[in-house]
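Chemist: Return atomic coordinates for the entry below.
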Amino acid sequence: MLKIDFKKPAFFIILLGFVSLFSDLTYEGARSITGPFLLTLGASSLVVGFIAGLGEFLGYGLRIISGWITDKTGKYWEIIIAGYLINLLSVPALALVGRWELAVMLLFMERIGKAIRTPARDALLSHAAGKIGYG
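Modeler: Numbers count the residues shown, from 1 in each chain. All right, here's what the predicted structure looks like:
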């Protein structure tokens with residue numbers, strides 16, 4: 001059971017909303033150009049489509065594992081921070097690559113970062129929302 005005492009749960013929810021917003025701005029902005037970016041680096045259309053699908057599968061599949069690890073360890077903050085750090089490093093690094101294979105690795109890292117942090121973040125948000133009410 002999650003046992004965190006939120007002194008100001010509404011502030012926490014709003015603050016985490018802003019963190020998620022700014023994180024989404026970076027990686028969703030990067031995701032919108034991944035197809036053309038990979039094509040300019042020499043990847044074929046087949047590779048781009050396969051990579052996009054595999055990245056989504058990887059991201060959603062790892063959430064199950066990340067959620068289980070989060071519940072077992074109880075290290076919600078550490079897991080959230082690790083997930084955001086992976087995104088913070090992988091998305092800007094895309095500007096530095098010159099090969100599509102390296103870009104694919106960074107795109108997978110971005111999906112892994114999201115998969116790592118999402119279950120822990122959602123658990124904390126659910127707990128905080130329980131203090132002030134859902135809806």
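
Chemist: Got the phi and psi for Gly98?
Modeler: phi -120, psi 0 (degrees, to the nearest 10).

Chemist: Give me the distance between the nearest residue to it once chain neighbours are set aside and Thr118.
Modeler: Leaving aside its chain neighbours, Gly98 sits nearest to Leu41 (7.1 Å; criterion: CB to CB, 6 or more residues apart in numbering). Where you see a C-beta, it was placed from the backbone N, CA and C, and this is true even at glycine. Distance from Leu41 to Thr118, counting by CB to CB, to the nearest Å: 28 Å.

Chemist: Neighbour count for these two, which is higher?
Modeler: Thr118 (21 against 15; other CB atoms under 10 Å).

Chemist: and Asp50, how many residues sit next to it?
Modeler: Not Asp; residue 50 is Phe. Neighbours of Phe50 (other CB under 10 Å): 13.
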